[in-house]
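> Need coordinates for the following:
(2 chains)
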Amino acid sequence: MVAPAAQALAPLMGAEAWLEWGWVADHRDLILDRLREHVELTVLAVAIGIVLATPLVVLSRRYRRTYPVVLTTTGILYTIPSLALFTLLLPWTGLSRTTALVGLVSYTLLILVRNAVTGLDGVPDDVREAARGMGYSPRRSLLTVELPLALPAIVAGIRLAVVTTVGLVTVASLIGHGGLGHLILDGLNRRFRTPLVVGAVLSVALATFADVALLQVQKRLSPWTRR
Amino acid sequence: MDFLSDVLTHLGDRASWRGSDGFTHLLGQHVAISLWAVAIACAIALPIGLGLGHVRRGEVFAVNVANIGRALPSFAVLVFALQLLSIGRGPALVALVLLGVPVIITNAYVAMAGVEDDAREAARGMGMTGWQLFRRVELPLAVPLVMAGIRTAAVQIVATATLAALVGYGGLGLLIMRGLRTRDNVEVFAAALAVAVLALVTELVLAVAQRLLTPRGIRRLDLAPLPDPTVI
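Numbering: from 1, shown residues only, chains lettered A, B, ... in the order given. From the prediction side, this is the model:
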């Protein structure tokens, strides 16, 4: 396997075209592969993030004193720059997909947990008491009353996590698993603008598409906010 | 843990700290470009965000600009800056500023627009001018959120400065890139550790600054991050 670190430091100078359609046509399969890898990494990372965040949210809600600890821990993970986090894992997981995933997942946790807890906290006490008054058990109240009310905030967190992850995947190209980031890195290394532009534009398009699509989901889930 | 002791030996070795590719020099570069980027980003974003928030106009722009900023991958911004400018400090600085500006604008706007109408009316009723209202009522109340925005931007800038080595600027990322290329895991790990610590220190220092700048009356007890206004 080729060491994926960037080799070129020199800029691309001169009046080179920003986009050569010929290259795009010739490399359609490559581009689609990279796009697919990008989507896979993003979806996997956010999915694993949701699975890990759920118990943290339950813990933070049930034992309130653990919430600052959860926030600080996930906050530290969120603060560590992505490239540093990826490379700190290298001695153990090498240049594997696991390294990229562990790094990406760690970034989603703070966003997911904070939004879910904020959303659940936002459920009015009156509503909770009404549910209890109607004889709902705490579990039933959580699942059928509080969770639906908190869903918009939770989905907003997922949206944020997805958009952030799409951007971070490009950085993971430096450790060999970066989806569209590989196109950007390739353009940088070969001083060839076309792959660079394709990678960057598709990455922004992917983030925007995911953002808009999830916003629709968010609106669907909260019909009462619609005007 | 042979590996970790190798890392410690590497960090303890004076030779790793000296010279143009030593920790001292690269750390200095990393901090310098980050400070400049944060300062310039504040100089651009604060007047816009605070101004729009004061007059309560341009909400759609001010609130969404952070979302747009978030969709731009920092890596791509950096590489594009390199295409448009020559190699080195210039593109790195431009990219870092560009990445810092949106979140500062949004936070400043949301902070100012969030000042209660009652407080504004009371100030008006006391005969304050627009400037006095801004300076003595709105700004103090807005400080926590404004500082939270600067903090988020600063941490992102420090993180992205790690990638600046790709466009020919130094910084600690240089050691990571070089180590990755030569498969020197010890060098990579030591440099990554330094970057991680630098980012955490940035976060901590700004958290303390945020607390100190917040007027006593509205200070909260903990240093936990305030909810990001763009979250919900």
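> Centroid-nearest residue for chain B?
residue B:154 (1.2 Å; C-alpha atoms, centre = their mean).
> So which residues of chain B form helices?
Counting by DSSP state H, chain B has helices at residues B:2-12, B:23-55, B:59-71, B:74-84, B:89-113, B:117-125, B:130-132, B:139-161, B:173-181, B:185-213.
> same question but for chain A, I mixed them up
Taking DSSP H as the test, the helices found in chain A are A:21-26, A:28-62, A:66-79, A:82-93, A:97-121, A:125-133, A:138-141, A:147-171, A:180-190, A:193-221.
> and of these, who's closest to residue B:175?
helix A:82-93 (10.0 Å; C-beta to C-beta). Heads up, the C-betas are built off the backbone N, CA and C, glycines and all.
> and the closest one, how far from the chain's centre?
18 Å (C-alpha atoms, centre = their mean, to the nearest Å).
> Buried residues, that helix. List them.
A:82-91, A:93 (16 or more other C-beta atoms under 10 Å in any protein chain shown).
> Max pairwise distance over the residues you listed: which two?
A:82 and A:91 (17.3 Å).
> quick one: contacts for residue B:184?
Residue B:184 makes contact with residue B:178, according to C-beta atoms under 8 Å, 6 or more residues apart in numbering or on different chains.
> same thing but at 10 Å, please
Going by C-beta atoms under 10 Å, 6 or more residues apart in numbering or on different chains, residue B:184 touches B:10, B:175, B:178, B:190-191.
> Tell me which two of those residues sit farthest apart.
B:10 and B:178 (13.3 Å).
> Now the common contact residues for these two.
In contact with both residue B:10 and residue B:178: B:184, B:187, B:191, using C-beta under 10 Å, 6+ apart.
> Dump these to CSV, plus pLDDT and distance to residue B:36.
Shown next, in CSV, are the shared contacts of residue B:10 and residue B:178 (pLDDT from 0 to 100; distance: C-beta to C-beta, whole Å):
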residue, pLDDT, distance to residue B:36
B:184, 85, 30
B:187, 88, 27
B:191, 92, 21
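> Closest to chain A out of these?
residue B:191 (7.8 Å; C-beta to the nearest C-beta).
> What about the closest one, how many residues nearby?
33 (other C-beta atoms under 10 Å in any protein chain shown).
> Could you double-check that the residue nearest to the centre of chain B lies in contact with residue B:205?
Yes: with contact taken as C-beta atoms under 10 Å, residue B:154 and residue B:205 are classed as touching, separated by 8.9 Å.
> Make a markdown table out of the helices of chain B and add distance to chain A.
Listed next are the helices of chain B as a markdown table, based on distance: least, C-beta to the nearest C-beta, whole Å:
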| stretch | distance to chain A |
| --- | --- |
| helix B:2-12 | 5 |
| helix B:23-55 | 11 |
| helix B:59-71 | 4 |
| helix B:74-84 | 4 |
| helix B:89-113 | 8 |
| helix B:117-125 | 22 |
| helix B:130-132 | 32 |
| helix B:139-161 | 3 |
| helix B:173-181 | 4 |
| helix B:185-213 | 4 |
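> re earlier: just name the most buried of the helices of chain A.
Of all those, helix A:180-190 has the most neighbours on average by mean count of other C-beta atoms under 10 Å in any protein chain shown, namely a mean of 25.
> For chain A, give me the ranges with low pLDDT.
The model of chain A has pLDDT under 70 over residues A:1-15, A:225-227.
> so how many other residues sit close to the residue nearest to residue B:61 when sequence neighbours are not counted?
Spatially, and ignoring its direct neighbours in sequence, residue B:61 is nearest to residue B:52 (7.6 Å; C-beta to C-beta, 6 or more residues apart in numbering or on different chains). Neighbour count for residue B:52, taken as other C-beta under 10 Å: 20.
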